[in-house]
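[1] Provide a 3D model corresponding to the input given below.
(one chain, ligands or ions: 1)
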Amino acid sequence: MSNRYKVRAYCSSRECDYVHKDDVIQAINFETAYGLALYYNDIPTKPSCPKCGESMAFYSHSIIDEPWLP
Ligand SMILES: [Zn+2]
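    Numbering: from 1, shown residues only. As a prediction, this is how the structure comes out:
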């Protein structure tokens, strides 16, 4: 069982549900993923949403791999 921590990019507009399908980066732990998301959000030249043109926002998230059997 291993947990994975990732940063993903979402559209920052409330009216748009665009999510970049690839992970921006994979991190070794939650603190790193969280710090990287904050860092990316601070970059003035953020990528813009291909759907609506709003700037993208970065979020960290973790994937917990549940064991198939208890
Ligand atoms: Zn958008």
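[2] could you list the buried residues of stretch 2-21?
    Under the neighbour-count criterion of 16 or more other Cβ atoms under 10 Å, stretch 2-21 has Tyr5, Lys6, Val7, Arg8, Ala9, Cys11, Ser12, Ser13, Tyr18 buried. C-beta coordinates here come from the backbone N, C-alpha and C atoms, glycine included.
[3] quick one, phi/psi of the residue nearest the centre of the chain?
    Nearest to the geometric centre of the chain sits Arg8, at 1.7 Å (Cα atoms, centre = their mean). The phi and psi values for Arg8, taken as degrees, to the nearest 10, are phi -120, psi 160.
[4] out of the buried residues of stretch 2-21, which are inside strands?
    Tyr5, Lys6, Val7, Arg8, Ala9, Cys11 (DSSP state E).
[5] contact residues of this structure facing the ion?
    Cys11, Ser13, Cys16, Tyr18, Cys49, Lys51, Cys52, Glu54 (Cβ under 5 Å from the ion).
[6] how many residues are close by Ser60?
    Residue crowding around Ser60 was assessed by other Cβ atoms under 10 Å; the count is 21.
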